[in-house]
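Participant: Sequence first, predicted coordinates after that:
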Amino acid sequence: MENTKVTAQQHSKIFLMVSLVFLLVALLVSLTFSMMGIGTIHKARYDIFEQDAVTVSKRQNTNEARLVPVGITTGVRFYTQGIVVLGAGDVVLASGQTTSPSRDKLIPGDIVTKVSGKQVEDIAQMTEAIRAAGNTVVLGILRNDTPMNVELTPVQCGDGGGAKIGCWVRDSTQGIGTITYYCPKTWNFGALGHGIMDVDTGDLLVVREGQLLECNIIDVRRGKKGNPGELIGEIKTDPVGNITKNCHLGLYGSINKDHKDLPTTTFPLACHQTTTRGPAKIFSNIEGGGVRTYDIFIENINQDTESEKGMVIRITDPNLIQRTGGIVQGMSGSPIIQGDHIVGAVTHV
């Protein structure tokens, strides 16, 4: 067998060539990162449109179902079912010392539903019930969907704030998203394409009541590598619809049929099997002055029909790239249209 010898100079040339290849790949990834997005695809076996197309899913035929794609940005405000525990906190006593009665007893993600047997729906009710409970308070909580009781001993806050148990909690949230569709027969809507999670616990929030509200987009922070960007809007008090459900596929509820900006053109639904790699469009009103269509390209379709993320899309529209850099936060829920059919919704950047 003949020996092969490689000189140091040859090693240097090989290393340089490999480095250039990696550099070019890294540059390509950097340039395209913010233009890429994830979409939830409408699948016959796993329907993103919930109740409005469940019969369609069973028939494996979407030709008879028609929904109105919307693409309007909206303010989202809702109150949680129970009070969400974010973590333990310290209570400063009159002596200046600190203590935390809830430490090691309540954990992030616990949902408080009762205080000493009394139902509570918000932080104000919970605070008042703890102050009235006396030396011992029993919290009724849900932990990983399992009901249980936790006994605590409140302490008097040194600043005269009354009895406290030392924990951080949340009972509401708000933000900006996009309405995906509504059904002209039932006036039910779907929005966001993904569920709203608690930013501190990472858990899906259970909605008690909530509303979609009118929202004016006043600025856009462009997306770039390492920063997805976001829509900045002014949320008004004018209701667009009522939220009844927050699940891993988005927000659902009933839309206000008198809302002046709603489109009326219906589109049939596409199935997972009929969605193809290639050109498509999204609807969005991020530039104001009504909903516009923007060109995208469906890069890949996930063949796992049980997955929440059904496809990868790339923004190709130069106007949208110039304005936002691609997909930014707040565009979640923008309907995806291919061949005059509703394919799904933008969900993640």
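Facilitator: Structure received.

Participant: low-scoring stretches of the stretch 51-200 of the chain, by residue?
Facilitator: 51-64 (pLDDT under 70).

Participant: 90 - rerun?
Facilitator: The model of the stretch 51-200 of the chain has pLDDT under 90 over residues 51-66, 78, 81, 89, 91-97, 131-135, 144-145, 156-163, 172-174, 193-200.

Participant: ranges for the helices of it?
Facilitator: Shown for the stretch 51-200 of the chain, the helices assigned by DSSP state H, counting those that start in this stretch span residues 54-59, 123-132.

Participant: can you check the stretch 201-349 of the chain too?
Facilitator: 318-324.

Participant: At which residues are the strands of it located?
Facilitator: For the stretch 201-349 of the chain, the strands defined by DSSP state E, counting those that start in this stretch cover 207-221, 230-247, 250-255, 267-268, 278-284, 292-301, 311-315, 335-338, 341-348.

Participant: name the helices or strands packed onto the second one?
Facilitator: Pointing back at strand 230-247 there. Counting contacts by 3 or more C-beta pairs under 8 Å, 6 or more residues apart in numbering; DSSP states H and E, strand 230-247 packs against strand 73-88, strand 167-182, strand 207-221, strand 250-255. For the C-beta atoms, the positions are set from N, CA and C on the backbone; glycine is no exception.

Participant: Would you mark the buried spots in that strand?
Facilitator: Counting neighbours by 16 or more other C-beta atoms under 10 Å, one finds that the buried residues in strand 230-247 are 230-231, 233, 235, 239-241, 243, 245-246.

Participant: now the first one
Facilitator: Residues 207-208, 210-215, 217, 220-221 are the ones in strand 207-221 that count as buried (16+ other C-beta under 10 Å).

Participant: Any chance of a markdown table for those, columns pLDDT and distance to L139?
Facilitator: Shown next, in a markdown table, are the buried residues of strand 207-221 (pLDDT from 0 to 100; distance: C-beta to C-beta, whole Å):
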| residue | pLDDT | distance to L139 |
| --- | --- | --- |
| V207 | 88 | 21 |
| R208 | 89 | 18 |
| G210 | 92 | 24 |
| Q211 | 93 | 29 |
| L212 | 93 | 32 |
| L213 | 92 | 32 |
| E214 | 90 | 38 |
| C215 | 88 | 36 |
| I217 | 84 | 41 |
| V220 | 83 | 43 |
| R221 | 85 | 40 |
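
Participant: nearest to L152, of these?
Facilitator: Nearest to L152 among the buried residues of strand 207-221: R208, at 23.6 Å, using C-beta to C-beta.

Participant: For the closest one, which residues are in contact?
Facilitator: Residues near R208 by C-beta atoms under 8 Å, 6 or more residues apart in numbering: 78-82, 121.

Participant: One more pass at 10 Å, please.
Facilitator: By C-beta atoms under 10 Å, 6 or more residues apart in numbering, the contact list for R208 reads 78-82, 121-122, 171-172, 243-244.

Participant: What's the local residue count around N188?
Facilitator: 20 (other C-beta atoms under 10 Å).

Participant: What count of nearby residues applies to the residue nearest to R277 when sequence neighbours are not counted?
Facilitator: Leaving aside its sequence neighbours, R277 sits nearest to I298 (C-beta to C-beta, 6 or more residues apart in numbering; 5.4 Å). For I298, the number of neighbouring residues by other C-beta under 10 Å comes to 22.

Participant: okay, the buried residues of strand 207-221 in a markdown table with distance to K257 next?
Facilitator: Output for the buried residues of strand 207-221, formatted as a markdown table (distance: C-beta to C-beta, whole Å):
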| residue | distance to K257 |
| --- | --- |
| V207 | 21 |
| R208 | 24 |
| G210 | 18 |
| Q211 | 15 |
| L212 | 13 |
| L213 | 16 |
| E214 | 15 |
| C215 | 19 |
| I217 | 24 |
| V220 | 30 |
| R221 | 34 |
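
Participant: where does the residue lying closest to I337 once chain neighbours are set aside land on pLDDT?
Facilitator: Among residues not flanking I337 along the chain, K281 sits closest, at 4.8 Å (C-beta to C-beta, 6+ apart). With respect to pLDDT, K281 has a value of 95.

Participant: Name whatever forms a beta bridge with K281.
Facilitator: D295, I337 (DSSP bridges).

Participant: sorry, back to before: mind putting the buried residues of strand 230-247 into CSV with distance to L269 and pLDDT?
Facilitator: Below are the buried residues of strand 230-247 laid out as CSV (distance: C-beta to C-beta, whole Å; pLDDT from 0 to 100):
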residue, distance to L269, pLDDT
E230, 30, 85
L231, 27, 85
G233, 29, 83
I235, 30, 88
P239, 27, 89
V240, 23, 91
G241, 21, 93
I243, 23, 94
K245, 20, 92
N246, 22, 92
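
Participant: now these as a markdown table including distance to L152?
Facilitator: Below are those laid out as a markdown table (distance: C-beta to C-beta, whole Å):
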| residue | distance to L152 |
| --- | --- |
| E230 | 39 |
| L231 | 41 |
| G233 | 40 |
| I235 | 36 |
| P239 | 38 |
| V240 | 41 |
| G241 | 39 |
| I243 | 32 |
| K245 | 32 |
| N246 | 29 |
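
Participant: Among those, which one lies nearest to D198?
Facilitator: Closest approach to D198 among those (C-beta to C-beta): N246, at 10.9 Å.
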